[in-house]
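S.K.: requesting a structural model of the entry that follows:
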Amino acid sequence: MFAGGAIGTTIRYLLSLSVPTVDGIPVITFAINVAGAFALGWLLAGLSRGPDQGMRRVVRLFVGTGILGGFTTYSSFAVDTDGLIVASNIAGSIAYAVATLLVGALASLAGIALGTAINRRASGGTR
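M.R.: Numbers count the residues shown, from 1 in each chain. Predicted coordinates:
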């Protein structure tokens, strides 16, 4: 998990350096969290075809908990939301927080739907 977390955190850090905020809104943190929610939903639905042991468990822990856990960032989301409040951008803060939570939840559901569809197709449509 440690190596996976280091990979995910490094990717997030490099992306955050390369994408500026838009009107004070940290769009890269938003994009990272939404993409991570989608990927985690897809991964976990994909791994649900069997027991959580062996290679499935290794992938879940290394990729899900490690890479995606390091890639996504609730702490930066909280700090960014607070920063918008401190900058007197209350509307931006509320919009950012609500959009992150709602779009992230929808992305997670979309990832689960994709993973489930792939599982059905792989098992001949019986699942």
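S.K.: and the most centrally placed residue in the chain, what pLDDT?
M.R.: Nearest to the mean C-alpha position of the chain, by Cα atoms, centre = their mean, lies Gly36 at 1.8 Å. Among the per-residue scores, Gly36 shows a pLDDT of 96.
S.K.: pretty sure it contacts Thr65?
M.R.: No. Using Cβ atoms under 8 Å, Gly36 is not in contact with Thr65, being 12.0 Å away. Where C-beta positions appear, they are placed from N, C-alpha and C, glycine not excepted.
S.K.: before we move on, the earlier item: enumerate every residue touching the residue nearest to the centre of the chain.
M.R.: Leu68, Phe71, Thr72 (Cβ atoms under 8 Å, 6 or more residues apart in numbering).
S.K.: quick check, the first one in a helix?
M.R.: Yes. Membership of Leu68 in a helix is supported by DSSP: H, G, I helix; E, B strand; the rest coil.
S.K.: the lowest-mean-pLDDT helix or strand in the chain packs against which elements?
M.R.: Ranked by mean pLDDT, DSSP states H and E, the weakest helix or strand in the chain is helix 55-59, scoring a mean of 89. For helix 55-59, the elements it packs on are helix 27-47, judged by 3 or more Cβ pairs under 8 Å, 6 or more residues apart in numbering; DSSP states H and E.
S.K.: count the neighbours of Val34 for me.
M.R.: 21 (other Cβ atoms under 10 Å).
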